[in-house]
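Novice: Take a look and give me a structure for this.
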Amino acid sequence: MKKPLTIFLAVLFVALVGGVVALMMYLKRGILSDPAEIRALAREIVPIEVPADLSARQGVQFFGGKLAIFEGADVRNSLVLASFPAEAVERSDADWEVQTQINWEQFDSDPKIEYSELAMNFRGAETMVSVSDITLENGGYRGFLLQAEVEDERMLKIFRVGPVGEVDAEHFQALLDQAQQP
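Specialist: Prediction:
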């Protein structure tokens, strides 16, 4: 009588270990560090030309979500592209602030940040974009964040931050204009 139970538990243990190993391999394959793979992933998320001064830093893709991060010399000059199934975002209590919160205090002990919204054109419709104006001791930065549901029932996020003289409304609108096609 004990033999069938022992066999069942052994098979269950092997299946569990195999499942954990398979999940770890899946997750490991989902984290990208090769610049060419990150750029390809970014094109899958949204077809835009990444500014030349930004380098591919990291890509992540699993469970239907995709994230591509590009940075200049540091996070104060970066572009983040993200796409997730809308249903997953709606069901999740997780904050949709994927990689857009920069710890500005690492650059200035008392950063001044002003938030506003700006109407911009995205795929033929007026869309509200969040704007952050950041003033540090050594200069100013501006961030733009578009969050929109796109045709294929996915949530798309485009976040661009950089020096005030380089990143402005016209620059961000030019990125959005490139993303007109799904």
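
Novice: When you work out contacts or count neighbours from here on, use the C-alpha atoms and nothing else.
Specialist: Fine.

Novice: what's A36 sitting at in phi/psi?
Specialist: Here is the backbone geometry of A36 (degrees, to the nearest 10): phi -60, psi -40.

Novice: you'd agree Q173 is up against R123?
Specialist: No - the pair Q173 / R123 is not scored as a contact, 11.1 Å apart, by Cα atoms under 8 Å.

Novice: This protein: strands as residue ranges?
Specialist: Taking DSSP state E as the criterion, the chain contains strands spanning 31-32, 55-62, 65-71, 78-85, 112-122, 125-136, 139-150, 154-163.

Novice: Mind listing the residues bridging to the most centrally placed residue in the chain?
Specialist: Relative to the mean C-alpha position of the chain, the nearest C-alpha, by Cα atoms, centre = their mean, is the one of A82, at 3.5 Å. Note on A82: beta-bridge partners by DSSP bridges are L67, K157.

Novice: That one and E151: what is the separation?
Specialist: Separation of A82 from E151 (Cα to Cα, to the nearest Å): 15 Å.

Novice: where do the contact lists of Q173 and R123 overlap?
Specialist: The contact sets of Q173 and R123 do not overlap (Cα atoms under 8 Å, 6 or more residues apart in numbering).

Novice: picking up where we left off before, list the contacts for the residue nearest to the centre of the chain?
Specialist: Neighbouring residues of A82 by Cα under 8 Å, 6+ apart: I45, G65, K66, L67, A68, V98, M155, L156, K157, I158.

Novice: Buried subset of these as a ChimeraX selection?
Specialist: The buried subset of the contacts of A82, as determined by 16 or more other Cα atoms under 10 Å, is captured in ChimeraX by this line:
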select :45,65,66,67,68,155,156,157,158
